[in-house]
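*Asks:* Need coordinates for the following:
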Amino acid sequence: MKRIAAGILRLTAGSLVLFAAAAIAMSAAGAYHLIKKIPIPGDGGWDYVAADSDARRLYVSHNTEIVVLDLDSGAIVGKIAGGPDMHGAAIASEFGRGFISESNPGSVVIFDLKTLAKIDEVRVGDDPNGIIYDRETKRIFTADRGSKRITAIDAKTGKIAGTIENLGGRTEHLASDEAGHVFLNMQDRNTLLKLDARNLKVLETWSTAPCEAPSSMDMDRAHSRIFIGCRGAGMMAVVDATSGKIVATNPIGGGVDAAEFDPKTGLVYFSTGANGVLSIFHQKSPDEYDIVENVPTQPGARTMAVDRKTGRVYVAVAELGPRPAPSPENPRARPPIIPGTFSVLVIGPQ
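*Replies:* Alright, predicted model coming up:
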């Protein structure tokens, strides 16, 4: 009887630990709110935000520069200057280097992570947008929208290792399983490509239907699940990275341009700019996701990064004026930025 009771006690204690971990994740997400707003000088446009949680730095693209913030204090610690339309940063900590995609018409700026000094600039395809570091191959991958190709750069040497040409569509966000594969959204084709990261070739082409205009992307590597923000459908989709099958969908707002998964908490984040909402989901299982909270941000807040140490979310945004009427020269005119309003919203629990 004592053995049975002890077994029940151990089972109960284990269950309580699992329940407590889930409860902590859920309660933390449920308490997310605006903590502070960090103003950043300048009135140009912006794109991606990247967090280096280990080095405690945040990289915010802002037109012709990347502004670097201290994740703990929010202070601006430096800037990395470049050409027009600097998009995003990828960090290769083991080599002490960072890499920035920029459209001028297309290159990658390599910089020193400690000093933020520019080391080199490498010409890639036209209009590189998405950029990631793959730890398995030690390569930087850029999605070159203008050239409809992928470029791979050796992170240690800064030399181009190769390309994947003639992809025939609008290349968008990337993710790596760090096991030899890189995944790429083709936004105007509603497809997801599985790429051989070492031999640089397309292995699979999967339809993302009912996910339209697949945009932002991140990955749960432990369970081989890809998270996609679907800009055209106003939904998030979860894809099995081994079969290409969509295993779950949930509604989100419009204008999504960032997605992040935190394996520590099982939370998935999507920032949407059309209605200004940060949608947070909890992973019940690899194929089940519950909405935890829709946190109000502000219109235009489409890109963000998650600090994996604190669970705080950093969202880039500016106040916007009325959208101009479409014209033949500018059919997708964006609303103008109100001067002096560019900032980073810090959103977190408690």
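
*Asks:* Backbone dihedrals for residue 242, both of them.
*Replies:* When read as degrees, to the nearest 10, the backbone of residue 242 gives phi -90, psi -30.

*Asks:* I'd guessed it sits against residue 224; true?
*Replies:* Yes - contact criterion Cβ atoms under 8 Å: residue 242 and residue 224 qualify, at 5.3 Å. Every residue, glycine included, has its C-beta placed from N, CA and C.

*Asks:* Looking at those two now, which is surrounded by more residues?
*Replies:* Between residue 242 and residue 224, counting by other Cβ atoms under 10 Å, residue 224 is the more crowded of the two (16 against 12).

*Asks:* quick one: that one from residue 286, how far?
*Replies:* 8 Å (Cβ to Cβ, to the nearest Å).

*Asks:* what's the answer for residue 48, then?
*Replies:* 27 Å.

*Asks:* between those two, which one's more packed in?
*Replies:* Per other Cβ under 10 Å, whichever of residue 48 and residue 286 has more neighbours is residue 48, with 27 against 15.

*Asks:* is the closest residue to the more buried one other than its chain neighbours in a bridge, and if so with what?
*Replies:* Ranked by Cβ to Cβ, 6 or more residues apart in numbering and with sequence neighbours excluded, the top spatial neighbour of residue 48 is residue 88, at 3.3 Å. Taking DSSP bridges as the rule, residue 88 bridges to residue 101.

*Asks:* Double-check residue 319 against residue 298; I have them as touching.
*Replies:* Yes - between residue 319 and residue 298 a contact is recorded at 7.4 Å, counting by Cβ under 8 Å.

*Asks:* Next, residue 72: phi, psi?
*Replies:* phi -90, psi -40.

*Asks:* ok, now which ones touch the closest residue to it other than its chain neighbours?
*Replies:* Using Cβ to Cβ, 6+ apart and skipping residues adjacent in sequence, the residue nearest residue 72 is residue 56, 5.6 Å away. Contacts of residue 56 were listed using Cβ atoms under 8 Å, 6 or more residues apart in numbering, and they are 70-72, 309.

*Asks:* Among those residues, which one has the most neighbours?
*Replies:* Ranked by the number of neighbours (other Cβ under 10 Å), these place residue 71 first, at 21 neighbours.

*Asks:* So that one is in contact with residue 58, correct?
*Replies:* Yes - between residue 71 and residue 58 there is a contact under Cβ under 8 Å: 5.3 Å.

*Asks:* Now the common contact residues for the two.
*Replies:* Common neighbours of residue 71 and residue 58 (Cβ under 8 Å, 6+ apart) are 51-52, 307, 314.

*Asks:* Just flag the most distant two among these.
*Replies:* The most widely separated members of these, counting by Cβ to Cβ, are 52 and 314 (11.6 Å).

*Asks:* Overlap of the contact sets of these two?
*Replies:* Overlap of the contact sets of residue 52 and residue 314 (by Cβ under 8 Å, 6+ apart) consists of 58, 71.

*Asks:* The two: which is more packed in?
*Replies:* The neighbour comparison of residue 52 against residue 314 (other Cβ under 10 Å) goes to residue 314, with 25 against 19.

*Asks:* Next up, the contacts around that one.
*Replies:* Each residue near residue 314 by Cβ under 8 Å, 6+ apart is listed here: 49, 51, 58, 60, 69, 71, 304-307, 344-347.

*Asks:* Nearest to residue 195 among those residues?
*Replies:* Nearest to residue 195, judged by Cβ to Cβ, of those is residue 305 at 23.7 Å.

*Asks:* any idea which element the closest one lies in?
*Replies:* Element membership for residue 305 (DSSP states H and E) is strand 303-306.

*Asks:* other SSEs contacting that strand?
*Replies:* For strand 303-306, the packing partners by 3 or more Cβ pairs under 8 Å, 6 or more residues apart in numbering; DSSP states H and E come out as strand 49-52, strand 256-262, strand 267-272, strand 313-317.

*Asks:* Dump the C-alpha coordinates for that strand into CSV.
*Replies:* Written as CSV, here are the backbone C-alpha positions of strand 303-306 (Å, rounded to 0.1, in the frame of the first residue of the first chain):
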residue,chain,number,x,y,z
THR,A,303,7.5,43.7,-37.4
MET,A,304,8.8,42.5,-34.0
ALA,A,305,11.3,40.4,-32.1
VAL,A,306,11.1,38.4,-28.9
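
*Asks:* Name the strands paired with that strand and say parallel or antiparallel.
*Replies:* strand 313-317 (antiparallel).

*Asks:* following the strand it pairs with, which helix or strand comes up?
*Replies:* Heading C-terminal from strand 313-317, the first helix or strand you meet, by DSSP H and E, is strand 343-349.

*Asks:* which strands and helices sit next to that next one?
*Replies:* Using 3+ Cβ pairs under 8 Å, 6+ apart, strand 343-349 sits against helix 2-30, strand 32-39, strand 313-317.

*Asks:* By mean pLDDT, show me the worst of those.
*Replies:* Lowest mean pLDDT within the helices and strands packed on strand 343-349: helix 2-30, a mean of 40.
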